[in-house]
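Asker: From the sequence below, what's the structure:
(2 chains)
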Amino acid sequence: MAHQFKLAKLEKDSQEMRMAYSNTVLELMDEYENVVALDADLMSCIGIGCVAKVHPERMINCGIQEANMMGVAAGLSSVGKVPYVHTFAPFASRRAFDQVFLAIGYSKQNVRIVGSDPGVTAAYNGGTHMPFEDCGLMRLVPEMTVIDPCDCAQMKNIVRQTATLKGNFYIRMLRKNPMKVYEEGSTFEIGKAVQLRDGKDVTIIAQSTLLVPEALKAADALAEKGITARVLDMFTLKPIDKDAIIAAANETGAIVTAENHNVINGLASAVSEVIVENCPVPMGKVGVMDRFGQVGDQNFLQKEYELTAERIIDECLKTIKRKA
Amino acid sequence: MDNQLRKELDCFAAEIRLEALKEFMTLGFGHIGGSMSVVELLAVLYGKVMNIDPKNPKWADRDFLVCSKGHAGPAVYATLALKGYFPMDMLKTLNANGTHLPSHCDMNQTVGVDMTTGSLGQGVSTAMGIATGNKIDKRDNYTYLVVGDGELNEGQCWEGFMYAAHQKLDHLICFIDDNKKQLDGYTADINNPQCFVQKMSSFGFHAQKCDGADVGAIYEAIENAKQVKGKPSAIVLDTIKGQGVKFVEDTMANHSIKFGKAEMEAAEKAVVELETKIAALKA
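Answerer: Okay, the predicted model is just below:
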């Protein structure tokens, strides 16, 4: 089941990612009796009222109690339900980590955890709400699949697939309108990177609604300088696509990662683990350099934490220079 | 409760207590205090109340038990073995390397265990999930939740209780094993819980208190709880940590005991007493 996708024109999507998610959950509830949704007093933030209206008995608002919600989801899973659990990403991960680890992970349940507004997209909610570590925490839960979709089309397809897959998933998601990367109806194989551009000088391995579009812009700018960059959308952080990383290292000789997350235990760590073991080549990283979050608009925060195409270009140039 | 049933359940309780005690004697240490205090409850649940089929442990319409105080696993294992979920011989493997009987309950290790527990407080929430799922499916089965009095230090329990009342989980019955001690001493000295009946009532539960060493009282409390519609039930069991094994009851630090020479001698005496009691009840 290889990816079947068409690239879209890189422009702001008219649909919000939260509605892409919520409408897909509604469709799944229509199709599958065992799908349930849980929220922790953020139903209106995620737009899942559509589900509550049609399937009130299967939309459970737990209130502001993330730890209990994760346990309730685990219990629901143990009697055959497929729970989609949403809260803001920091509360889904660092706040309820032990519940996710034990009640969901260790107990080998079948839960989908959706964490919204990852990284700097938490914007005006500021440092308390700004998760730069959610993927890292989830990556440490054995057998947990960790996914950071880059746009609505990818989000919809992945959420749809998880209705019938077994195991636990963590999916992080921007609430607002992302850039369009793929055409509607594109399908993706979880665990496989998507090659968005081919090139021979360097590979940019990118992740998330913020950094995949920035990586594409960076690749275009590099092309004008006569440098060709392969661009991979590594939407599955775990299990990571080792084959794609090894091929990129062997064929382009340099790798730069780009993520809306702490470079510690996120994409940079996951990619470097593969490279060091299999195919040592120069590697650079773009991401949050082990800092806490702060309040601000997204443009300011993207510049402040250097999550930009310009930064990716610089890192590519530096990394290419380090090639033997 | 008629005398015949009382006799049967007293006998089952003594058998559970005996087999659990033997588990600890084989292993040489373990969470004996909190295992013993839930023995009468387990005897009533598995001996009379619960609708289960040991030959079909995953039967969807069964009643569920979530022993949130997961360290009472050895008592749960003795009960399950006596009910025929797995061979009695397996009880000798408590905590052995590669065992299917870990010190804390694990649904993926032990046939008949309905939920993985051990990190205190978490079983409360998972029990709520089971009860919610069965309610969505319009099943008539019950979810029985066992929490420790010390465990109720954990805030997650109270999140769960608030949720249960709001969701009107009237097929959820929560037992509080009020044995008055936690690892470091008396609950009243560590984080005084005040009155559980008042607390649970104020959280929207139908709350009762009963003698947790009296199978008849426990049975009646459950029957009462089943009459309640529209709200979850709590039954506060007045118990003793180490209940029914005199030398454990008399040991102050009895959360977990190491069986040295003196303890082993006392335990052997307790074994004989329990065997005599069982023989008398069966006569």
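Asker: need the residues of the stretch 51-200 of chain B near chain A, please.
Answerer: By the criterion of C-beta under 8 Å from any C-beta of the partner chain, the positions of the stretch 51-200 of chain B lying close to chain A are B:60, B:66, B:107-108, B:114-116, B:118-119, B:121-134, B:136-137, B:155-156, B:159-160, B:162-163, B:166-167. Any C-beta I mention is one placed from the backbone N, CA and C, and that applies to glycine too.
Asker: Sort out for me which of the residues you listed are in helices.
Answerer: Taking DSSP state H as the definition of helices, these contribute B:122-134, B:136, B:155-156, B:159-160, B:162-163, B:166.
Asker: Return the members of the residues you listed classed as buried.
Answerer: In those, burial by neighbour count holds for B:122-134, B:136, B:156, B:159-160, B:162-163, B:166, counting by 16 or more other C-beta atoms under 10 Å in any protein chain shown.
Asker: distance of the residue in the stretch 151-283 of chain B that chain A sits nearest to from A:A52?
Answerer: Using C-beta to the nearest C-beta, the closest approach of the stretch 151-283 of chain B to chain A is made by B:E159 at 3.7 Å. Distance check for B:E159 against A:A52: by C-beta to C-beta, to the nearest Å, it reads 21 Å.
Asker: Can I get the host helix or strand of B:E275 as CSV, trimmed to CA atoms?
Answerer: Per DSSP states H and E, B:E275 falls inside helix B:261-282. Output in CSV follows, covering the C-alpha atoms of helix B:261-282 (Å, rounded to 0.1, in the frame of the first residue of the first chain):
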residue,chain,number,x,y,z
LYS,B,261,12.0,-17.7,60.6
ALA,B,262,9.5,-16.3,63.1
GLU,B,263,7.1,-15.2,60.4
MET,B,264,7.3,-18.6,58.7
GLU,B,265,6.5,-20.4,62.0
ALA,B,266,3.6,-18.1,62.6
ALA,B,267,2.4,-18.6,59.0
GLU,B,268,2.6,-22.3,59.3
LYS,B,269,0.4,-22.1,62.4
ALA,B,270,-2.0,-19.9,60.5
VAL,B,271,-2.1,-22.5,57.7
VAL,B,272,-3.2,-25.2,60.1
GLU,B,273,-5.8,-22.9,61.6
LEU,B,274,-7.2,-22.1,58.2
GLU,B,275,-7.2,-25.8,57.1
THR,B,276,-9.1,-26.7,60.3
LYS,B,277,-11.6,-23.9,59.7
ILE,B,278,-12.2,-25.1,56.1
ALA,B,279,-12.6,-28.7,57.2
ALA,B,280,-15.2,-27.6,59.8
LEU,B,281,-17.1,-25.4,57.3
LYS,B,282,-17.2,-28.3,54.8
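Asker: in which helix or strand would I find residue 24?
Answerer: No chain was given, so I picked chain A. Taking DSSP H and E as the definition, A:T24 sits inside helix A:17-31.
Asker: hmm, I had chain B in mind actually
Answerer: Per DSSP H and E: B:F24 is located in helix B:3-27.
Asker: Quick one: name the residues of the stretch 101-250 of chain A near chain B.
Answerer: Those residues of the stretch 101-250 of chain A that sit near chain B, judged by C-beta under 8 Å from any C-beta, are A:L102, A:A103, A:Y106, A:S107, A:K108.
Asker: Tell me, how many residues neighbour the first one?
Answerer: Applying the criterion other C-beta atoms under 10 Å in any protein chain shown, we find 20 residues in the vicinity of A:L102.
Asker: How about it, nearest residue that isn't a chain neighbour?
Answerer: Nearest non-adjacent residue to A:L102, counting by C-beta to C-beta, 6 or more residues apart in numbering or on different chains: B:S119, 5.0 Å away.
Asker: Show me what the mean pLDDT comes to for the helix holding A:T24.
Answerer: Taken as a whole, helix A:17-31 has a mean pLDDT of 98.
Asker: and the residue nearest the centre of chain B, how far is that from chain A?
Answerer: Centroid-nearest residue in chain B: B:V38, 4.1 Å away (criterion: C-alpha atoms, centre = their mean). Using C-beta to the nearest C-beta, to the nearest Å, one obtains 20 Å as the distance from B:V38 to chain A.
Asker: coming back round to it: which residues touch the residue nearest to A:L102?
Answerer: The contact partners of B:S119, by C-beta atoms under 8 Å, 6 or more residues apart in numbering or on different chains, come to A:D98, A:L102, B:G70.
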